[in-house]
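Enquirer: Build me a model:
(one chain, ligands or ions: 3)
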Amino acid sequence: MATTTAIPPKAPKTNRLGLQVLDYRGGKTTLCAGCGHNAISERIIDAMYEMGVQPERIMKMSGIGCSSKSPAYFMSRSHSFNSVHGRMPSVATGALLANHTMQAIGVSGDGDTASIGMGQFAHLMRRNLPLIYIIEDNGVYGLTKGQFSATADVGSKLKTGVINDLPPIDTCIMAVELGATFVGRSFSGDKKQLLNMLKAAIAHKGTVMLDVISPCVTFNDHEGSTKSYKYMQEHEEAITEVGFVPHFEDIAVDYEAGSSYDVAMHDGSHLRLSKLREDYNPTDRISAVKALMEAHEKGEVLTGVFYVNTEKPSFTEMLNLTDEALATLPESRVRPPQSVLDDVMTRHR
Ligand SMILES: Cc1ncc(C[n+]2csc(CCOP(=O)(O)OP(=O)(O)O)c2C)c(N)n1
Ligand code: SF4
Ligand SMILES: [Mg+2]
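Expert: Numbers count the residues shown, from 1 in each chain. Ligands and ions are numbered 1, 2, ... in the order given. I've put the predicted structure just below:
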């Protein structure tokens, strides 16, 4: 008599923590179908899963805008704070100082960052706070119905026919100049490049600034927009091919001969940039700014990792904080006794 053997159900795929990709998902998106911001949330989920990050160790910070709503759509198990328009940097700074043992990811918009939040953005970059700061850049204020933002290019056209005649702010040039230690630009539709950049960002200890062009399908995805899917597909120029090998994977598997630049990250991971442009060195700030300015002159949207510095201490390292998070210390260890206060008052009289 023939016997049948039942095929055991396939075990779900898990990462090095034994978690499934489902453990990194968030709520159902309420953004428009096809919005670039949704694709960025998907890549954040993939990157956190593949890097084996414990979701409970992540704080998600944001400002206000469609982009700033998106932390609700990834990593529900993490901590989250939706702050005020343009004020995420100061809230994130406070949260990280209270608990520097957490890892922080901040999601902002081009309006949130480059107009009302510009002052806070500048000081965040110069402090090198250990935070992954993502600008979901669509060139418009999506949430308030599509007015131009400060990253819109001269000559770009709104759906209504209005033409922008003010020059754009390049947040990558600013970030490099101000002191961020990992600066790149990608496109929400470029799955492989964005995923590798996010994985390298997770391994970095300092301010990561990623400007991700993210078309607004409702207000800015038409002929005349320079932040549309069509424009990006025709004008995206990758400076380097971005590869990333986490420290827990066998490095030999991913390496082949060729012209490439290898940056060892803080945790022993490797960011590998295959050179598409001759002599591009991502550790040289001046080359980064020059490459970005040249691209503007040519009307190209340059993507890739422009600058990495793994030597500069982060803000929390500079402050020489206790190993334990300040938020977890008892009052007796965070509040100076009366005698110390009296001494300070006497000495500085
Ligand atoms: C202090 C303050 N000023 C203005 C607003 C109105 N407002 C809400 S979202 C927004 C712009 C959002 O644009 P952006 O950051 O580019 O996000 P997007 O919606 O395009 O993703 C503005 C001006 C506000 N909520 N709070
Ligand atoms: S209005 Fe634009 S930015 Fe906002 S959710 Fe819709 S497509 Fe995205
Ligand atoms: Mg915007």
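Enquirer: Surely residue 212 is within a strand?
Expert: Yes - residue state for residue 212 (DSSP: H, G, I helix; E, B strand; the rest coil) corresponds to a strand.
Enquirer: Contacts only, for it.
Expert: 36, 40, 134-137, 185-188, 194 (Cβ atoms under 8 Å, 6 or more residues apart in numbering). In short, each C-beta sits where N, CA and C put it, glycine included.
Enquirer: nearest to residue 27, of the residues you listed?
Expert: The closest of the contacts of residue 212 to residue 27 turns out to be residue 40 (Cβ to Cβ; 15.5 Å).
Enquirer: The chain against ligand 1: which residues are in contact?
Expert: Contact residues, the chain versus ligand 1 (Cβ under 6 Å from any ligand atom): 64-67, 85, 109-112, 116, 136, 138, 140-144, 149.
Enquirer: Also near ligand 3: which of those residues, exactly?
Expert: When Cβ under 5 Å from the ion is applied, the members of these adjacent to ligand 3 are 109-111, 138, 142.
Enquirer: Please type out the ChimeraX selection for whichever of these turn out to be buried.
Expert: Here is the ChimeraX command that selects the buried residues among these (16 or more other Cβ atoms under 10 Å):
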select :109,110,111,138,142
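Enquirer: Inside helices: which ones of the ones next to ligand 3 among the residues of the chain next to ligand 1?
Expert: Among those, the members falling in helices (DSSP state H) are 110-111.
Enquirer: What are the contacting residues of stretch 229-239?
Expert: Contacts to stretch 229-239, defined as Cβ under 8 Å, 6+ apart, come from residues 187, 189-190, 193, 213, 215, 221, 223, 225-226, 276-277, 280, 291, 295, 299-304, 306.
Enquirer: per-residue confidence averaged over that stretch?
Expert: Stretch 229-239 shows a mean pLDDT of 93.
Enquirer: Is it in proximity to ligand 2?
Expert: No - Stretch 229-239 stays clear of ligand 2 (Cβ under 6 Å from any ligand atom), getting no nearer than 11.4 Å.
Enquirer: if we can go back for a sec, now tabulate the contacts of residue 212 in TSV and tack on neighbour count and pLDDT.
Expert: Listed next are the contacts of residue 212 as TSV, based on neighbours: other Cβ atoms under 10 Å; pLDDT from 0 to 100:
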residue	neighbour count	pLDDT
36	28	98
40	25	98
134	31	98
135	28	98
136	31	98
137	30	98
185	27	97
186	29	96
187	24	96
188	24	96
194	26	97
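Enquirer: which non-adjacent residue is nearest the residue of the stretch 151-300 of the chain found nearest ligand 1?
Expert: Residue nearest to ligand 1 within the stretch 151-300 of the chain: residue 216 (6.1 Å; Cβ to the nearest ligand atom). Closest residue in space to residue 216, ignoring its immediate chain neighbours: residue 138 at 3.9 Å, by Cβ to Cβ, 6 or more residues apart in numbering.
Enquirer: List the contacts of the one you found.
Expert: 36-37, 67, 109-110, 149, 213-216, 219-220, 227.
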